[in-house]
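Q: Sequence below, structure please.
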Amino acid sequence: MIIIGCDYHPSFQQIAWVDTEIGEVQERKLMHADGEAERFYRQLTGPVRVGLESTGNCHWFVDLLAEMGQEVWIGDAARIAAKQVRQQRTDRRDAVHILDLLIKNDFPRIWMPSKQERDQRQLLIHRYKLVTLRVRVKNELQHLAMNQGMQKGRKLWSQAGQKQLLELPLAHWAGMRRQDLLELLKKLDQQILVLDHAVKKAAEDNEKARLLMTQPGVGPITSLAFVLTIGDASRFQRGKQVASYLGLIPREYSSGGKQRLGGISKQGNRFLRMLLVEAAQVAVRYDPKFRKQYQHRCHYKPKAVAKVAVARKLAIRLFWMLRTNTKYPEVVRIESSSRVALAE
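A: Reported below is the predicted structural model:
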């Protein structure tokens, strides 16, 4: 078997590899643009295992190795770096270090979504980016209206509000700006509507997403994002691990027997964390248990903190729904503590 430690960069990669039958370690730098890297991997015979740190802009490379039938291991970059004692880091040393972890079976491998799951993630991200652009366009139009003394808030987007906006007497370039922004807003609305239908269809076609949508406050976007981010729920033994994975647990700076907790860690998927907080605001209106917990925390905590606490509870409940394949409201009766492992 050939084992390869790869220090990946967008334009090149530094590799260190060993044939387990021979035991000799070799090193090489492979360029991407001229196809040198692809030619090298295609000429390899027999079983091949390639390990690299989790990094961006490497999907083409991972897909290429999968197409060749070679085994790809993606590792936690922070844990790989923590295992390296020396403070002097180079591409060659990083590649040899990854190879050493693979040989010792100490490589911190992480879960990776499939190609289809990555593509569905792009659907959600694309919609989110367009919605963000639409908000910016609306804010610019609100600014134009308020500069003319018209303050209507969200009523500006009603038919009457749009008519008043068009009738505002503006100077030449301000009028051009209004016209362009309104055309851009119309185009964004059309594009987002198409993506909304696509997300709804993808969620309805996904059995796990349909299960999560039985929870009040969780719609197609949140359910699909949760399924695509969590992946195989069995890789988590406790709900607390899911909350930590999503960055919904507090930072901790405890020492000398004194516990010090800060704000949430904000590690993990920022997009899903935002969706969970939004979903939590709806869940507290329709879910009695969440509403009680939210109102209780509001007595001694700011509302923003209470919302995040409910988002954490919601994430744990969604995890248990996936883990036990149980719909709402049945999951409420069997919902386990976040600190208790699920019995196999």
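Q: alpha carbons only for contacts and neighbour counts from here, please
A: Will do.
Q: Contact partners for the residue nearest the centre of the chain?
A: Taking CA atoms, centre = their mean, the centroid of the chain lies closest to N269, which sits 3.5 Å from it. Shown in contact with N269 (CA atoms under 8 Å, 6 or more residues apart in numbering): 229, 246-247.
Q: low-confidence ranges in this protein?
A: Counting by pLDDT under 70, the ranges of the chain that qualify are 334-344.
Q: quick check: domain ranges of it?
A: 2-103, 116-205, 208-334 (automatic domain parsing).
Q: which other residues reach stretch 31-45?
A: By CA under 8 Å, 6+ apart, the list of residues contacting stretch 31-45 reads 10-13, 30, 64-65, 68.
Q: Kindly reformat those as CSV and extend each row with distance to A304 and secondary structure.
A: Shown next, in CSV, are the contacts of stretch 31-45 (distance: CA to CA, whole Å; DSSP: H, G, I helix; E, B strand; the rest coil):
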residue, distance to A304, secondary structure
P10, 40, coil
S11, 43, coil
F12, 45, strand
Q13, 44, strand
L30, 50, strand
L64, 45, helix
L65, 45, helix
M68, 49, coil
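Q: all strands for the stretch 1-150 of the chain, in order.
A: For the stretch 1-150 of the chain, the strands defined by DSSP state E, counting those that start in this stretch occupy 2-8, 12-19, 25-31, 48-53, 71-75.
Q: Most tightly packed of these?
A: Among those, strand 2-8 has the highest mean neighbour count (mean count of other CA atoms under 10 Å), at a mean of 24.
Q: Just give the strands next to that one in its sheet, each with its orientation.
A: Paired strands of strand 2-8, with direction, are strand 12-19 (antiparallel), strand 48-53 (parallel) (DSSP bridges).
Q: and that strand with strand 71-75, angle?
A: Per axes from the mean of the first three to the mean of the last three CA atoms, to 10 degrees, the angle that strand 2-8 makes with strand 71-75 is 40 degrees.
Q: Going forward, the N-terminal residue is numbered 24.
A: With the count now opening at 24, the last piece we talked about shows up as strand 25-31.
Q: now strand 25-31: how far from the chain's centre is it?
A: 26 Å (CA atoms, centre = their mean, to the nearest Å).
Q: Stretch 139-158 now?
A: 11 Å.
Q: What residues of that stretch count as buried?
A: 140, 143-144, 146-147, 150-151, 153-154, 157 (16 or more other CA atoms under 10 Å).
Q: out of those, which are inside helices?
A: 140, 143-144, 146-147, 150-151, 153-154, 157 (DSSP state H).
Q: mind checking the end-to-end distance for stretch 315-326?
A: 13 Å (CA to CA, to the nearest Å).
Q: okay, the strands paired with strand 25-31 in CSV with distance to R65 next?
A: Converted to CSV, the strands paired with strand 25-31 look like this (distance: least, CA to CA, whole Å):
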stretch, distance to R65
strand 35-42, 15
strand 71-76, 11
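Q: Would you tell me which of those strands gets closest to T349?
A: Nearest of the strands paired with strand 25-31 to T349, taken as CA to CA: strand 71-76 at 35.6 Å.
Q: Dump the C-alpha coordinates for the closest one into CSV.
A: Listed next in CSV are the C-alpha coordinates belonging to strand 71-76 (Å, rounded to 0.1, in the frame of the first residue of the first chain):
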residue,chain,number,x,y,z
VAL,A,71,-3.4,4.3,-2.2
ARG,A,72,-4.3,6.4,0.9
VAL,A,73,-3.9,10.1,0.7
GLY,A,74,-4.1,12.3,3.9
LEU,A,75,-4.4,16.1,3.9
GLU,A,76,-5.6,18.8,6.2
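Q: quick one on the thing from earlier: closest to H319 among the ones in helices among the buried residues of stretch 139-158?
A: For these, the nearest to H319 is Y151 (32.3 Å; CA to CA).
Q: And that closest one, how far from L211?
A: 12 Å.
Q: if we look at stretch 158-165, which residues are touching it?
A: By CA under 8 Å, 6+ apart, the list of residues contacting stretch 158-165 reads 174, 176, 179, 201, 204, 207-208.
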